[in-house]
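# next input, structure requested:
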Amino acid sequence: LGRFLKRLPLVLLLGSSLVLVPLGLSGQGVSEVSERLLKEVLPRADRFAVVNGDIPVVEGYRFGGETGERVVGYVFVTSDVPPEPFGYSGPVQALVGMDLEGSLTGVRVMDYWESIQESMGDFLRRPGFQEHFSGKHIGDAFRVYGDVQGISQATISVRALSRGVRDSARRVALVYLENEGPAPGPVEDLESLPWFDMLQRGVIESIVLNDDTGTAEIFLAYAENDEFGQFLVGEERFERARTRMDRREEEGHLMIYGVEGPRLRLFVREGWSVLQGEDTFAVTPREIASLGLDGGGVMEERVVLTGSMIIDGNIDVTKAFTMLYDRGPDAEAISFEYLTQSAQLADFDVEELENVQAAVVETPTVTEVAGGPSSSDSEPLKMEITVQQENDTAEVSAIAEMPSRDLVESPQTESALVDFSELHEETYVERILSETSWDRVWKLMGLLSLALLAFLVKKFWVRTASLALTLIYLGFLDGGFLSVSHITSGIWVGPSFYLSDLPLLILVVFTVLTTVLWGRVF
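Residues are numbered from 1 along each chain as shown. The predicted model follows:
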């Protein structure tokens with residue numbers, strides 16, 4: 001008996017660890033998923049083939065047609081499209097199927113671990129919950145308690161799953177689905193572009209950082225003007241960034257960055273520089289400053305941390321330049337080319353001129369027609385294009401109409417398949433309010449009010465009623481509670497962990513206030 005009692009703690013530890021290990025496919029990539037599961041999320045496919053691109057996917061083929069088979073959709077794992085949104089205690093990994101029209105054909109939760117599973121069980125795999133994602137289009141909002149089912153006590157986990165499915169599906173669509181996408185060239189009204197259009201057009205560039213601890217994604221954009229800077233991070237935060245740059249003695253250009261993902265520490269201020277031609281311009285750590293946690297602008301819904309970066313004023317922003325991030329000898333340096341809207345405009349004008357010249361067989365020389373119409377905003381500029389034949393002295397003349405520089409603009413071709421232009425970039429408060437279960441809020445407020453009344457009036461029957469209702473509602477019906485896991489989750493995820501669930505925030509505020517005021521927890 002003594003030997004058994006000594007081993008009892010070890011047995012209990014091992015048993016509890018087995019119970020808490022989530023069911024499913026822990027940490028698998030899409031290439032390791034069984035055909036049975038692939039068939040579940042893409043049921044129309046008869047055959048599957050792995051595609052190892054920038055985003056690994058599995059193509060699904062259906063037999064039939066002129067070629068014998070045709071692609072009917074793609075299957076991917078959300079963890080292969082970083083960064084993964086964090087749930088209550090960690091990331092939620094899902095297997096997703098999508099057809100060629102951008103509609104989801106199936107979702108299966110593969111791997112997740114949440115401490116509330118101890119009281120709620122395997123809640124993300126309850127019958128009917130995963131299946132309700134089928135048929136949703138990637139252009140939908142995926143709003144919890146809106147177009148996505150909510151699960152009481154698990155709003156944070158459901159939101160992580162729905163956002164992970166939505167964002168990863170959109171990224172896969174941009175890479176693999178055939179669509180025209182936004183037309184290249186500069187855009188006059190940057191504030192009118194949805195987030196994904198800005199990424200497609202290169203207005204915002206992004207890089208993903210990885211190490212053994214996780215991933216983080218860095219978004220970087222040039223502040224073309226004050227209006228666009230305020231659009232990115234809000235008026236107050238952009239004013240702070242502008243003030244920092246105005247205090248510098250040297251000229252500079254202002255960049256705005258955002259960091260998203262579970263490992264924000266992968267972004268550091270050291271190691272940044274700008275390359276242009278043969279010149280290298282170092283970006284010192286003092287030129288990079290945090291603007292704090294997401295607090296305004298379009299980045300509020302997309303990143304956790306925002307900041308400003310001032311680059312050297314000698315950089316010609318009308319030309320392309322390369323951002324270099326050297327993370328030291330233990331990590332590979334990352335670089336990407338960036339074109340501001342001024343640089344895109346210059347390239348676009350040159351390309352338009354080359355297209356007009358290419359319409360004539362040989363290389364032309366361009367001269368303005370004498371006596372032609374005067375330049376105006378409404379009249380196109382007529383040019384005489386003279387072609388000198390290589391083996392003949394004859395000259396061939398043609399008249400071509402070119403729009404003036406002021407009239408050259410990018411054609412706004414809308415993608416018929418993946419159209420994000422109609423998406424409403426809702427604010428943080430709008431999203432929280434729309435995703436809140438108000439029935440839970442009012443019930444919780446009533447219960448806390450009763451608990452406060454019981455403390456103040458000190459009557460036996462009021463205390464008994466308060467205790468009984470608290471036990472029944474929080475213990476059995478709702479399951480709401482505060483524990484150490486809420487503290488650890490807040491440390492890992494940040495304050496947004498509490499702000500993203502209104503009932504949880506109410507519990508936290510009530511507990512803190514009553515403890516501070518009366519020195520006890522209700």
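# wait, isn't Asp211 in contact with Arg263?
Yes: the pair Asp211 and Arg263 passes the contact test of Cβ atoms under 8 Å, sitting 7.3 Å apart. For glycine as for every other residue, the C-beta is placed from the backbone atoms N, C-alpha and C.
# those two - which one has more neighbours?
The residue with more neighbours, out of Asp211 and Arg263, is Arg263; 18 against 13, by other Cβ atoms under 10 Å.
# what about Arg108, distance to Gly292?
Going from Arg108 to Gly292 by Cβ to Cβ, to the nearest Å gives 37 Å.
# more crowded one of these two?
Arg108 (21 against 14).
# you'd agree that one is in a strand?
Yes: the assignment for Arg108, made by DSSP: H, G, I helix; E, B strand; the rest coil, places it in a strand.
# got the contact list for it?
Leu37, Glu40, Val41, Ala94, Leu95, Gln130 (Cβ atoms under 8 Å, 6 or more residues apart in numbering).
# in helices, which of those appear?
Leu37, Glu40, Val41 (DSSP state H).
# out of these, the closest to Lys319 would be?
Val41 (45.7 Å; Cβ to Cβ).
# which residues touch the closest one?
Per Cβ under 8 Å, 6+ apart, neighbours of Val41: Val75, Leu95, Val96, Gly97, Thr105, Gly106, Val107, Arg108.
# for the first one, which non-adjacent residue is closest in space?
Pointing back at Val75 there. Spatial nearest neighbour of Val75, chain neighbours left out: Val58 (4.3 Å); criterion: Cβ to Cβ, 6 or more residues apart in numbering.
# ok so that neighbour is a strand residue?
Yes: Val58 sits within a strand when classified using three-state DSSP.
# ok, what's across the strand from it?
Val50, Val75 (DSSP bridges).
# mind showing which ranges of the stretch 301-450 of the chain have poor pLDDT?
By pLDDT under 70, the weakly predicted segments of the stretch 301-450 of the chain are 301, 346-437.
# tally up the residues packed near the residue nearest to Glu251 when sequence neighbours are not counted, please.
Spatial nearest neighbour of Glu251, chain neighbours left out: Gly313 (2.9 Å); criterion: Cβ to Cβ, 6+ apart. Other residues within reach of Gly313, judged by other Cβ under 10 Å, total 13.
# quick one, phi psi at Gly313?
phi -70, psi -20 (degrees, to the nearest 10).
# wait, it sits on Glu249?
No: look at Gly313 against Glu249 with Cβ under 8 Å: they stay out of range, at 10.5 Å.
# residues in contact with both of these two, list them for me.
Counting by Cβ under 8 Å, 6+ apart, nothing touches both Gly313 and Glu249.
# pretty sure Gly135 contacts Ser103?
Yes: using Cβ under 8 Å, Gly135 is in contact with Ser103, at 6.2 Å.
# between these two, which one's more packed in?
Ser103 (17 against 11).
# show me what contacts the closest residue to that one other than its chain neighbours?
Using Cβ to Cβ, 6+ apart and skipping residues adjacent in sequence, the residue nearest Ser103 is His137, 5.1 Å away. By Cβ under 8 Å, 6+ apart, the contact set of His137 is Glu101, Gly102, Ser103, Leu104.
# identify the residue spatially nearest to His253, adjacent ones excluded.
Nearest to His253 is Ile311, by Cβ to Cβ, 6+ apart, at 5.0 Å.
# hang on, isn't that neighbour packed against Ile288?
No: Ile311 is beyond contact range of Ile288, at 10.0 Å (criterion: Cβ under 8 Å).
# can you map out the helices along the stretch 1-150 of the chain?
Ranges of helices within the stretch 1-150 of the chain are 2-20, 35-41, 117-120, based on DSSP state H, counting those that start in this stretch.
# those: lowest mean pLDDT?
Lowest mean pLDDT within these: helix 2-20, at a mean of 47.
# are we agreed that Ala259 is in a strand?
Actually, residue 259 is Val. It isn't Ala. Yes: Val259: assigned to a strand according to three-state DSSP.
# ranges for the helices of this structure?
2-20, 35-41, 117-120, 155-176, 195-201, 226-233, 235-246, 341-358, 428-434, 438-457, 460-472, 484-493, 496-499, 502-518.
# residues in contact with Asn223?
One thing to correct before we go on: residue 223 is Ala, not Asn. Gly229, Leu232, Phe238, Ala241, Leu254, Met255, Ile256.
# which of the residues you listed has the most neighbours?
Leu232 (29 neighbours).
# so that one touches Val298, yeah?
Yes: assessed by Cβ under 8 Å, Leu232 is found in contact with Val298 at 6.0 Å.
# more neighbours, Ile311 and Ile288?
In this view Ile311 and Ile288 are compared by other Cβ under 10 Å, and Ile311 has more residues nearby, 23 against 19.
# quick one on the thing from earlier: number of residues surrounding the residue nearest to Val75?
Val58: 23 neighbours (other Cβ under 10 Å).
# so it makes contact with Gly73?
No: Val58 lies out of contact with Gly73 (Cβ under 8 Å); the separation is 9.4 Å.
# got a pLDDT number for Phe231?
91.
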